[in-house]
Structure formats: structure tokens, C-alpha cells
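Kindly return the folded structure for what I paste below:
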Amino acid sequence: MKKFFVALFFLTPYAFARPEVSIPGNIEISQRELLRLGDVAVVSGGNEELLSFLDSIVIRQDARELLLSQHLNSQEILTKVRESMKSQEGLKKLNPAFKIPSQVKVSFSSTPISRQEVERKIHNTLKARCNECEYKVTIQSTPVPSQKQWELDFTQLSAKGGFLLPVRDGEQRQLKWISGTIRVSQLTPVATRLILQGERVQPADVRMVMTDVTFSKDGVLRVEDIQGQLAARSLPVGSPIWTSDLKREPAAKRGQIVKAMLGDEDFEISVNMQAEDNGFVGDLIKVKNLETQKVLSGLVIEKGVVKLQ
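Model (predicted):
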């Protein structure tokens with residue numbers, strides 16, 4: 001059984017939400033001299049600041065030395081981390097936990113750019129954007145850099161589907177491309193019963209299921225997003241519920257008698273008036289005083305209630 005050394009640095013009140021940085025016991029790296037911590041790390045619960053920090057830590061100036069030993073010691077890595085953490089106040093607040101085997105077996109890829117390394121780094125980047133999502137990254141092709149100094153550019157990386165990842169090659173920063181696909185799954189509400197068109201949807205009508213949303217054109221909903229909304233179409237049992245499947249019910253409907261409020265916290269009066277428009281909470285609508293026939297504007301603040309302007 002492998003023994004892991006877990007380093008817990010700078011214990012703070014933020015510890016309950018600490019990101020974790022782990023390194024697999026067996027790791028493949030690209031054929032280049034400089035080896036950074038970001039090349040071998042697997043990050044959970046991190047952000048872009050943490051990823052940038054990991055890329056700033058150089059483990060070996062010449063990774064070719066590993067051709068002889070074929071392994072890294074955890075102490076070598078942790079010493080580099082401790083030294084870097086001293087000057088990183090933001091990272092002290094993040095307080096990442098490091099999970100590293102006592103020895104990390106290192107192998108060089110058969111191609112100049114390791115597909116496994118690229119997959120790790122893409123996965124880390126995507127998880128920094130959505131930690132609750134599950135990703136599957138597949139690399140289809142990698143270029144052959146003309147020099148050992150090359151960098152990946154994640155700034156335009158797509159969140160799902162096919163992608164082209166720029167490789168900035170050498171001092172001239174010539175662009176080459178890595179191609180691949182990203183599949184993403186998210187917790188999505190799924191109907192637990194037949195929900196008819198126009199029926200109000202309640203949390204009890206759905207369960208959250210990890211669903212492949214790679215090719216979904218709609219936004220993913222949370223349970224709180226669906227409560228009280230109306231089904232725009234009939235939803236069979238087991239079908240995922242997307243944004244376009246629901247429609248909001250107006251908080252005020254044309255012809256409806258609503259409570260119109262006027263005043264402030266110290267003095268407020270209310271009168272029943274007729275809504276002249278449909279409106280959701282936050283909308284400005286026209287309301288009519290049926291006694292005087294005077295039409296005023298009101299802000300919809302809750303169902304059946306407007307605040308006169």
C-alpha cells in the first residue's frame with residue numbers, strides 16, 4: 001500500500017473549504033527541460049490563482065535528470081512549495097492541502113507533448129471554472145514543437161465540445177494547435193412523474209441527476225430555479241428539464257386586482273387597483289384606480305403586489 005504524505009499549511013478559518021492538490025503515483029510528462037508543479041498536479045476545488053501558483057513553481061530546471069532516477073521525492077516537491085508559499089498571501093487564505101506520494105514515478109511521453117499532461121491541465125482549468133461539473137477530456141492530436149520552450153494558452157478554451165488549444169511555440173510564439181473534445185456532466189433536474197403542459201412544477205416533482213450537458217443549448221437549472229414555474233410543454237418521466245421547458249408565471253396579470261402600495265417604512269397605505277399589463281417581479285407596469293380611472297405606474301415587488309412610483 002502506498003503511503004501518502006499530506007501537507008497542511010497555514011491552518012486558517014478557511015480550512016473547511018480548502019482546495020486539494022494531489023500528484024498521482026505514476027505520472028507522464030512532456031519531453032522538455034523545465035518541469036513545473038502545474039505539469040504534474042491534479043487540482044480539486046481550486047481557482048485560477050491557485051493554478052497560476054502551481055505553474056510558477058519549478059520542480060526541476062532540467063527534467064532530463066529524471067531519466068536516471070525516474071522518480072521525484074515528495075520532500076523535494078514540498079520544499080519548493082513551502083518556499084513559494086512564504087511570499088503568496090493570497091494562497092495562505094486558499095490554504096491548499098497537498099497529497100503527494102513519498103515517491104512519484106516519472107515517465108516521459110513518446111511524443112514531444114504528453115497527451116496525459118495536457119488532459120490534466122485542461123481538466124484543472126475546467127474544474128476551476130465549475131468544480132461541481134464532471135469533465136472527460138480526450139486529446140485527438142498534438143503538434144510537434146520546433147523547440148523545447150512552448151506554452152499552452154488556456155484563455156480561449158471552450159467549456160465543452162470540440163476544441164483547439166493554442167500552443168505558443170518557442171521565442172517567436174508561433175501558434176500550433178492541440179485538438180480534442182470535452183464532455184461535461186452536471187446535476188440536472190429530471191422529472192419523477194409526468195408533468196403536463198401548464199402545470200406548476202414543484203421540487204418534489206424532480207430529482208437531481210448527473211446528466212451529460214455537452215450538447216445542451218439551454219442553461220442547467222437548480223431545484224430552486226424551477227419552484228413555482230409552469231411547464232412550457234409536457235415533460236415525461238425521466239426527462240431532463242431545461243430552461244426552455246419552463247415558463248415563469250407573471251406576478252401580476254392584466255385585468256387582475258392587485259394591492260398597490262404607496263409611502264415608505266414610516267407611513268404606508270395600500271389600495272386595490274387593476275393591473276393594466278402582465279409583469280414579473282421587478283417589472284414596471286401600469287395600474288388603474290377603478291374609482292377615478294386614473295392610471296399610474298407601479299413596480300411589481302411580489303405576487304399580486306406593486307409599489308406605486
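
so who does the closest residue to residue 150 other than its chain neighbours touch?
Leaving aside its chain neighbours, residue 150 sits nearest to residue 169 (4.9 Å; criterion: CB to CB, 6 or more residues apart in numbering). All C-beta atoms are positioned from the backbone trio N, CA, C, and that covers glycine. Residues counted as contacts of residue 169 (CB atoms under 8 Å, 6 or more residues apart in numbering) are 143, 145, 146, 147, 150, 175, 176.

Would you mind measuring from the fifth one to residue 230?
In other words, residue 150. Noted for residue 150: a distance of 53 Å to residue 230, by CB to CB, to the nearest Å.

who has more neighbours, those two?
residue 150 (19 against 14; other CB atoms under 10 Å).

Might one say that the more buried one is in contact with residue 34?
No: counting by CB atoms under 8 Å, residue 150 does not reach residue 34; the two are 10.3 Å apart.

Quickly list what's touching both of these two.
By CB under 8 Å, 6+ apart, no residue touches both residue 150 and residue 34.

List just the nearest of the contacts of residue 169 to residue 91.
Each of these was scored against residue 91 by CB to CB, and residue 150 proved nearest at 26.4 Å.

And the contacts of the lengthiest helix in the chain?
Secondary structure of the chain per DSSP state H: the longest helix is helix 115-129. The contact list for helix 115-129 (CB under 8 Å, 6+ apart) reads 27-30, 38-48, 50-51, 109, 133, 135, 137-139, 142, 152, 154, 157, 159, 165, 178, 180, 182, 184.

List only buried entries from those.
27-30, 38-43, 45-47, 50-51, 109, 133, 135, 137, 139, 142, 152, 154, 157, 165, 178, 180, 182, 184 (16 or more other CB atoms under 10 Å).

Got the domain ranges for the protein?
The chain breaks down into these domains under automatic domain parsing: 1-108, 186-247, 257-308.

ranges for the strands of the stretch 151-300 of the chain?
161-169, 174-191, 206-212, 230-231, 246-247, 257-263, 268-275, 284-288, 295-302 (DSSP state E, counting those that start in this stretch).

What is the burial count for the residue nearest to residue 215 when sequence neighbours are not counted?
Nearest residue to residue 215, sequence neighbours excluded (CB to CB, 6+ apart): residue 161, at 7.2 Å. By other CB under 10 Å, 11 other residues sit near residue 161.

Look up how far residue 76 lies from residue 161.
From residue 161 to residue 76 the distance is 39 Å (CB to CB).

for residue 109, same thing?
Distance from residue 109 to residue 76, by CB to CB: 22 Å.

could the strands of the stretch 151-300 of the chain be laid out in CSV, adding mean pLDDT and distance to residue 87?
Formatted as CSV, the strands of the stretch 151-300 of the chain follow (pLDDT from 0 to 100; distance: least, CB to CB, whole Å):
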stretch, mean pLDDT, distance to residue 87
strand 161-169, 93, 27
strand 174-191, 94, 32
strand 206-212, 95, 40
strand 230-231, 92, 55
strand 246-247, 89, 50
strand 257-263, 89, 56
strand 268-275, 90, 56
strand 284-288, 93, 52
strand 295-302, 91, 50
